[in-house]
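S.K.: Sequence plus predicted model, see below.
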Amino acid sequence: YDYFRNRVIFPIVDTSRNIVAFGGRVMDDSKPKYLNSSDTPAFKKSKNLFALNYAKGFCGDQLILCEGYMDVIALHSAGFPNAVATLGTAITEEHARIISRYTKKVIISYDSDEAGQKAANKAMLLLGKVGVEVRVLKMQGAKDPDEFIKKKGSEAFKSLLGESRTGFEYKLEAVLSKHDISQVEEKRRAAEEISAVISDYHSTVERELYSKRAGEALSLSADAIRTDAERLRKKKIREFNKDQTKEAHASLRQYSNKINPDAAKNLRAAYAEETLLGLLMIYPEYREGIIRGEYELLPDDFFTEFGRRVFSAIIELEASGGFIYSLLGESFNPDEMSALEDMQLRRKSLAENGPEVFRSTVDILKAETQKRSIEESGGLSLEEKLAQKRKRLEESRKK
């Protein structure tokens, strides 16, 4: 029987206005409530947002992120054409990157139930990583935007948008609602939870501001919250670096001797290269950023000859019409292509692939490459070598 039997059909349209898939909603209480077309070479649920083809022209100031098709349709009908939704899946890292290309502010309008709150927390985390300002709606007397607008109208929803809270205020309120902070032990637990939340923010300024706000809410000093948050952050960084080192040794052992013999000379530099090349092959914004000069990275910054070759090929393809992975096959043999595929798969399996990871990895690679340059020149930095050369020139002139 037909896959979408007895369902209302929603066409999924990409930003080029092509119909690439369909979604179907049941007309009774059957399960599952929604069905979507399966992923194909032309359609990936993790790379499409419902109604972005309309919203892209109206979301410069802010975008409204909803959970379902009906919420989006209700908002567009009520005069809010900047609303989109994921396609029956939780928001992905790729969704966040796509959103960041169209707007720098997102208002999350998810259902008010527990599942909606968990989804909102994940959305805040992923959107924050790509530099998007996130705010969250708190709807009283309605479980979703569709119901709210039917009950109270579009003007009430417009006012609600203006009252949206920052992501941190949303999380702080959630923590406080779980604990009776008039009790010492409950206050301690609340402080631990909110310190853990603060430790996830990359910006030092944000951690400072949120420590003060949490201190006020808990009647504790900002220094106490800040100290705990920084301790947790350092612990997370140590664990991340430890995992990265294990991953580096495991991945490099697979092919370093055969494909990239230079890797054995410096595993830290070689793994930094793997990270950068994997990110460059997956995410166009990093390739475009290098060409625009937003990231200072050159072939000479790479430690291994293989890394230099791959980097040069990627950027050359991007600059000459757009990077297509399969075209690398013209410059690299099957074993090398297999190694490049492994790099991409490893990066896709990791949660941390944002600009901060890219920039910090560039710094690591440059530092390791410069260290080798100094060692090869007898322990002298570039500035010291230039100073020696000038001194020799001056002495020769005196003679």
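M.R.: In hand now; what should we look at?
S.K.: got any ranges where this structure has weak pLDDT?
M.R.: 240-257, 351, 375-399 (pLDDT under 70).
S.K.: could you redo the last one with a cut-off of 80?
M.R.: Low-confidence segments of the chain (pLDDT under 80): 1, 41-42, 88-89, 111-117, 129, 202-203, 236-258, 264, 348-354, 372-399.
S.K.: residue ranges of the strands in it, please?
M.R.: Ranges of strands in the chain, per DSSP state E, are 7-13, 19-26, 34-36, 49-50, 63-66, 83-86, 105-109, 133-136, 165-166.
S.K.: closest to residue 267 out of these?
M.R.: Smallest distance to residue 267 across the strands of the chain (Cβ to Cβ): 36.9 Å, for strand 133-136. No exception for glycine: its C-beta is placed from N, CA and C like everyone else's.
S.K.: Which strands and helices lie in contact with that closest one?
M.R.: Using 3 or more Cβ pairs under 8 Å, 6 or more residues apart in numbering; DSSP states H and E, the elements in contact with strand 133-136 are strand 105-109, helix 114-129, strand 165-166, helix 167-178.
S.K.: Using CSV, list the CA coordinates for the second one.
M.R.: This points to helix 114-129. Extracted as CSV, the C-alpha positions of helix 114-129 are listed here (Å, rounded to 0.1, in the frame of the first residue of the first chain):
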residue,chain,number,x,y,z
GLU,A,114,9.5,17.6,29.0
ALA,A,115,10.5,16.4,25.5
GLY,A,116,10.3,20.0,24.2
GLN,A,117,12.5,21.2,27.0
LYS,A,118,15.2,18.6,26.2
ALA,A,119,15.0,19.5,22.5
ALA,A,120,15.4,23.2,23.4
ASN,A,121,18.5,22.5,25.4
LYS,A,122,20.1,20.6,22.5
ALA,A,123,19.1,23.4,20.1
MET,A,124,20.7,26.0,22.4
LEU,A,125,23.9,24.1,22.6
LEU,A,126,24.3,23.5,18.8
LEU,A,127,23.2,27.0,17.8
GLY,A,128,25.5,28.6,20.4
LYS,A,129,28.5,26.7,19.0
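S.K.: Buried residues in that helix, which are they?
M.R.: Residues 116, 119-121, 123-129 are the ones in helix 114-129 that count as buried (16 or more other Cβ atoms under 10 Å).
S.K.: OK, contacts around residue 152?
M.R.: If you count contacts by Cβ atoms under 8 Å, 6 or more residues apart in numbering, residue 152 has them with 141-142.
S.K.: picking up where we left off before, and the buried residues of helix 114-129, which is closest to residue 148?
M.R.: Closest approach to residue 148 among the buried residues of helix 114-129 (Cβ to Cβ): residue 116, at 13.1 Å.
S.K.: Leaving out sequence neighbours, find the closest residue to that closest one.
M.R.: The spatially closest residue to residue 116, leaving aside those adjacent along the chain, is residue 110, at 4.0 Å (Cβ to Cβ, 6 or more residues apart in numbering).
S.K.: same thing with residue 347?
M.R.: The shortest distance from residue 347 to any non-neighbouring residue, by Cβ to Cβ, 6+ apart, is to residue 278 (3.6 Å).
S.K.: if I look at that neighbour, how far off is residue 238?
M.R.: For residue 278, the distance to residue 238 equals 23 Å [Cβ to Cβ, to the nearest Å].
S.K.: the more surrounded of the two?
M.R.: The residue with more neighbours, out of residue 278 and residue 238, is residue 278; 22 against 10, by other Cβ atoms under 10 Å.
S.K.: Touching, that one and residue 346? I think so.
M.R.: Yes. If you go by Cβ atoms under 8 Å, residue 278 and residue 346 touch, sitting 6.3 Å apart.
S.K.: mind listing what the residue nearest to residue 347 touches?
M.R.: 343-344, 346-347.
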